[in-house]
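I would like the atomic coordinates for the input below:
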Amino acid sequence: MSGWIAVAGLGPGDDALITPQVQAALEGATDIVGYFPYVARIPPRDGLTLHGSDNRVELERAAHALRMAAGGRRVVIVSSGDPGVFAMASALFEAVENGPPAWLDLDIRVLPGITAMLAAAARLGAPLGHDFCAINLSDNLKPWAVIEHRLRMAARGGFAMAFYNPRSRSRPHQFGQTLEILRAECCGARLISFARDVCKPDERLLTTTLAEATAEMADMRTVVIVGNAQTRRLGRFVYTPRSA
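Residues are numbered from 1 along each chain as shown. As a prediction, this is how the structure comes out:
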């Protein structure tokens, strides 16, 4: 049996948003590897083994998947959203870089998915219709000083911004600091949108201004989108014109 490994994006939570390419890989797999909640989205079946693990063991998870593929298994590492956006594709290649040279010869595939950022933008309208950037506000893998610098530079550059992991129990104050930085760099009338549990039954959308936004409006299940200076409301929609 010829083994292979795919790292696949399951989208933001609605099974209808899983791409046919990813669905085909899941159907052909012998093993599914990933964070417990993502693995739980895969229906069990004969001949399929599910390997759930904690969220902070990405490199161990990737190495386990690579070893199975090297042994002839057909392995899919699942991520939410897109695997290349703050997710498992990078961890997989980091494991390959630090592993046996033979892992470079494996059949490795990265299968894109719909990110929470893009799903949230679609539900809101088109707030990312012009130049934008995505910033992970977690300081687990980079210092807060780096995040603050990137926030200021993105704001000064006139980008719309999408924020992942804005606020958690272990980081309750950092999103408040983010809002303070943005208020200092941008006009208080700048639109900011909060998309919680996007594309799930409990989805909640809120758009307000930087002046009115509070830290409590976001948590780890929220994607935050800040418009640029031209972003505007149009009825129930938020959109950014394509011209500067």
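
Can you list the residue ranges for helices in this protein?
If DSSP state H is used as the criterion, the helices of the chain fall at 20-28, 36-39, 58-70, 88-97, 116-124, 144-156, 174-185.

Tell me which of these lies nearest to Ala195.
The closest of those to Ala195 is helix 116-124. By CB to CB, the value is 3.5 Å. The C-beta positions use only the backbone N, C-alpha and C, and glycine is treated the same way.

Check which helices and strands the closest one is in contact with.
strand 160-164, strand 191-196, strand 204-209, strand 222-226 (3 or more CB pairs under 8 Å, 6 or more residues apart in numbering; DSSP states H and E).

Quick check: which of those is buried the most?
With neighbours taken as mean count of other CB atoms under 10 Å, those reach their highest mean count in strand 222-226, at a mean of 26.

how about the helices and strands packed on helix 116-124 in JSON lines, adding mean pLDDT and distance to Phe132?
JSON lines is the format used below for those (pLDDT from 0 to 100; distance: least, CB to CB, whole Å):
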{"stretch": "strand 160-164", "mean pLDDT": "96", "distance to Phe132": "4"}
{"stretch": "strand 191-196", "mean pLDDT": "97", "distance to Phe132": "13"}
{"stretch": "strand 204-209", "mean pLDDT": "97", "distance to Phe132": "16"}
{"stretch": "strand 222-226", "mean pLDDT": "96", "distance to Phe132": "8"}
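
So, low pLDDT: which residues of the chain?
Counting by pLDDT under 70, the chain has low-confidence residues at 1, 244.

What residues sit buried inside stretch 99-108?
99, 103, 106, 108 (16 or more other CB atoms under 10 Å).
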